[in-house]
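[1] What shape does this take:
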Amino acid sequence: MRISAITASAVAFFGMATVGVASTLDVGNYGPCLGSASCTVGGFEVTANPAGAVLSEQDFRGLSGLGVDGPTDGSGSRDNEIQPYLSEFIDVSLTGFGDDGIGISEIVLGHLYNPDEFSSDPIEIATINATLFDDTLSVITISSDNNNPLGFSFLGDANVTRTSTFQGRFVITDLFSGQAVKELRFSGNNAPFGNDGTDYSLVSISVVPLPAAGWMLIAGIGGLAAMKRRKKS
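    Sure thing, here's the model as predicted:
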């Protein structure tokens, strides 16, 4: 195949790879999900777990986020969160943006505080499991722990900042070394502490196209063309 034909194919690929713009799942568009076991918002496919649970909203201290209303809930006013000790978690598939997923620019979690809900709640741990484009797994763990000098700690391929202690709001950026992600699972520590355990909400997920592969392909083909011209000369 001639290089010009390959270049044309690469440009076509690049155009397809960058169709669409940054997209966000948040309080502005997840309303139709509330009360449903699963829903689709743009390229986001969101599912509440375990079986019988539905997606719900935690709206507290001026911050709203997605949670789970599970079959074992109903005893208090703080049931609309992800409560791992009740086997609750949220799955978010991103293959609606493409078979290989999409890049994630930011994830925001809320209501992950410690220890102002209950004095017997010494630590809260949120876990994000990401299935990457090549089906490998990457895990981010955030521990809200006032025994830590910063009030929290984290592990994983990301940068985490607590932007509000009052709201338990954490902003996660620089995720997964910029790799495309197929699926996210939001869970956490499933062991109860006293009369409570980890509970938090999913405030938002922001995704962006990943055009770098297209540019790299075009750049590589350009290099081949230059080599061919040098050989001719």
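[2] Might you list the low-confidence residue ranges for the chain?
    Scanning the chain for pLDDT under 70 picks out the ranges 1-22, 72-79, 114-122, 146-147, 190-197, 211-233.
[3] Next, count neighbours for residue 31.
    Other residues lying near residue 31 total 11 when counted by other C-beta atoms under 10 Å. Using the backbone N, CA and C atoms, a C-beta is placed for each residue, glycine as well.
[4] ok, now residue 135?
    For residue 135, the neighbour count with other C-beta under 10 Å is 8.
[5] got a list of contacts for stretch 33-52?
    23, 25, 29-30, 32, 53-57, 66, 68-71, 87-98, 102, 205, 207 (C-beta atoms under 8 Å, 6 or more residues apart in numbering).
[6] May I see the PyMOL selection of the buried members of those?
    Applied in PyMOL, the following selects the buried portion of the contacts of stretch 33-52 according to 16 or more other C-beta atoms under 10 Å:
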select buried, resi 23+25+30+53+54+55+56+57+66+68+69+70+87+88+89+90+91+92+93+94+95+97+98+102+205+207
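[7] wait, what's in contact with residue 53?
    37, 68-71, 88.
[8] The same query, at a cut-off of 6 Å, please.
    68, 70 (C-beta atoms under 6 Å, 6 or more residues apart in numbering).
[9] repeat for residue 154
    Going by C-beta under 6 Å, 6+ apart, the list of residues near residue 154 reads 142, 160.
[10] Please report phi then psi for it.
    Main-chain torsions, residue 154, degrees, to the nearest 10: phi -150, psi 160.
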